[in-house]
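Trainee: Dropping the sequence and predicted coords here.
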Amino acid sequence: MNISSYIDEFILYTGSAKGRSKNTVVNYAVDLAQFADYLESVGTTTPDGLNRDCLRGFLRELSGYGFSRSSISRKLSSLRGFTKYLAARHVVSGDPGVGLRGPRAEAYVPKPIAYEDVMKMIDAAGKSERRGARDVLILELLYGAGLRVNELVSLAWDDVDIGERELRVKGKGSKERRAYFGHAARDLLVAWKDAASLKGHATEGESPVFYPEKTGASRLTERTVHRMVVAVSRALGLYGVTPHTMRHSFATHMLERGAPLRVIQELMGHESLATTERYLKVSVEQMKRSYMETHPRSGLGGNVR
């Protein structure tokens, strides 16, 4: 039997004996059909010639055609299932897919939004009669102080120095750092603290800054914050915006305005500068502007002759 016949058998086995979903079976069929085409192109049509080099060659070809790392990883999963099946049936001696590694997963970096869009979100959130004050303050701190959402909901009043406009933030690994906020957030915090006190909420010590509307919970949840940010942004036609997007925008906008990378590293609580370098993507516009303003032969930079 040739490779294509074994693939057909494996697809039937996957859908019946293994009980895989219809989508999974379809994906296996597509991935393995591509693999069969590759094997035919290199002159391998029977299981006798199937080895790890064949698998690696196929993965390299996928990369060369521009498939994403996630797509290649999925296709590798299909290959492993197939070679495991062949080994179990003793069609091949040993499983050539065992230990074969795919490409490293792509690090997800959210795209920042423009400063103007941040302001639109803050303005839109403020129009809510019920939760406007809370939501505007949340957005101001996510963007203005670069907080992670879990850091925001963990804030207690003794972490807040309104006069100095400083926050004591408990970051990853329980490591503390200093974060700062602007005049707008300061005024909002003063008003929020007064309103919380009038409603009978404690506003000193370890009492949470953001309290939940429902009784029984001690503090606002990350999910509530996430839902609010998504709802406000979508109402403005902005999609894919999350609390982490606000934090990323905070760092990106500082970088674009000349803040040193080391400073941004400290403000974001990154343990390694390499993390900050991967996290921040300088825009094409910023690169072009920097070149035009600084290179002596750009036509705009200094010392042009």
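Mentor: Sure thing, it's come through. Please read all numbers here as calculations on a predicted model, not as lab measurements.
Trainee: Show me the protein divided up by domain.
Mentor: 3-88, 115-240 (automatic domain parsing).
Trainee: For residue 247, which of those is the nearest?
Mentor: Closest approach to residue 247 among the domains of the chain (C-beta to C-beta): domain 115-240, 5.1 Å. Every residue, glycine included, has its C-beta placed from N, CA and C.
Trainee: ok, which stretches of this protein are strands?
Mentor: For the chain, the strands defined by DSSP state E cover 160-161, 166-170, 176-180.
Trainee: Please tabulate those strands in TSV, including the columns mean pLDDT.
Mentor: Output for the strands of the chain, formatted as TSV (pLDDT from 0 to 100):
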stretch	mean pLDDT
strand 160-161	96
strand 166-170	94
strand 176-180	94
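Trainee: among those, which is nearest residue 56?
Mentor: Per C-beta to C-beta, nearest to residue 56 of the strands of the chain: strand 176-180, 44.1 Å.
Trainee: Give me the distance from stretch 239-251 to the chain's centre.
Mentor: 10 Å (C-alpha atoms, centre = their mean, to the nearest Å).
Trainee: let me fix that: stretch 132-139
Mentor: Between the centre of stretch 132-139 and the centre of its chain there are 23 Å (C-alpha atoms, centre = their mean).
Trainee: before we move on, what about stretch 183-200?
Mentor: Distance, stretch centre to chain centre, for stretch 183-200: 32 Å (C-alpha atoms, centre = their mean).
Trainee: Please work out which residues outside that stretch touch it.
Mentor: Contacts with stretch 183-200, where a contact means C-beta atoms under 8 Å, 6 or more residues apart in numbering, come from 133-134, 136-137, 140-141, 144-145, 157, 160, 162, 165, 181, 203, 209, 211.
Trainee: Would you mark the buried spots in that stretch?
Mentor: Across stretch 183-200, burial judged by 16 or more other C-beta atoms under 10 Å covers 185-186, 188-189, 192-193, 196.
Trainee: thinking again about what came up before, what's the most distant pair in the contacts of stretch 183-200?
Mentor: Once C-beta to C-beta is applied, these give 165 and 211 as the farthest pair, at 22.0 Å.
Trainee: give the contact list for residue 45.
Mentor: Counted by C-beta under 8 Å, 6+ apart, residue 45 has contacts 2-4, 39.
Trainee: same question, residue 124
Mentor: 232, 235-236.
Trainee: which one of those residues is nearest residue 273?
Mentor: residue 232 (32.7 Å).
Trainee: Neighbours of that closest one, how many?
Mentor: 24 (other C-beta atoms under 10 Å).
Trainee: Just give the nearest non-adjacent residue to residue 4, would you?
Mentor: Leaving aside its sequence neighbours, residue 4 sits nearest to residue 36 (C-beta to C-beta, 6 or more residues apart in numbering; 5.0 Å).
Trainee: neighbours around residue 139, how many?
Mentor: With other C-beta under 10 Å as criterion, residue 139 counts 27.
Trainee: typed the wrong thing, it's residue 55
Mentor: 20.
Trainee: how near is it to residue 49?
Mentor: Noted for residue 55: a distance of 12 Å to residue 49, by C-beta to C-beta, to the nearest Å.
Trainee: Identify the residues contacting the residue lying closest to residue 91 once chain neighbours are set aside.
Mentor: Closest residue to residue 91 apart from its sequence neighbours, by C-beta to C-beta, 6+ apart: residue 47 at 5.0 Å. With contact set as C-beta under 8 Å, 6+ apart, residue 47 has these partners: 1, 3, 6, 86, 91-92.
Trainee: what about 10 Å?
Mentor: 1-3, 5-6, 39, 83, 86, 89, 91-93 (C-beta atoms under 10 Å, 6 or more residues apart in numbering).
Trainee: which two from the residues you listed end up farthest apart in space?
Mentor: Farthest apart among the contacts of residue 47 - using C-beta to C-beta - are 5 and 93, which lie 19.0 Å from each other.
Trainee: hmm, back to that, and the contacts of stretch 183-200, which of them are buried?
Mentor: Listed as buried from those are 133-134, 136-137, 140-141, 144-145, 157, 160, 165, 181, 203, 209, 211; burial here means 16+ other C-beta under 10 Å.
Trainee: Which of the residues you listed lies at the shortest distance from residue 123?
Mentor: Using C-beta to C-beta, the buried ones among the contacts of stretch 183-200 come closest to residue 123 at residue 136, 8.6 Å.
Trainee: Okay then, goodbye and thanks.
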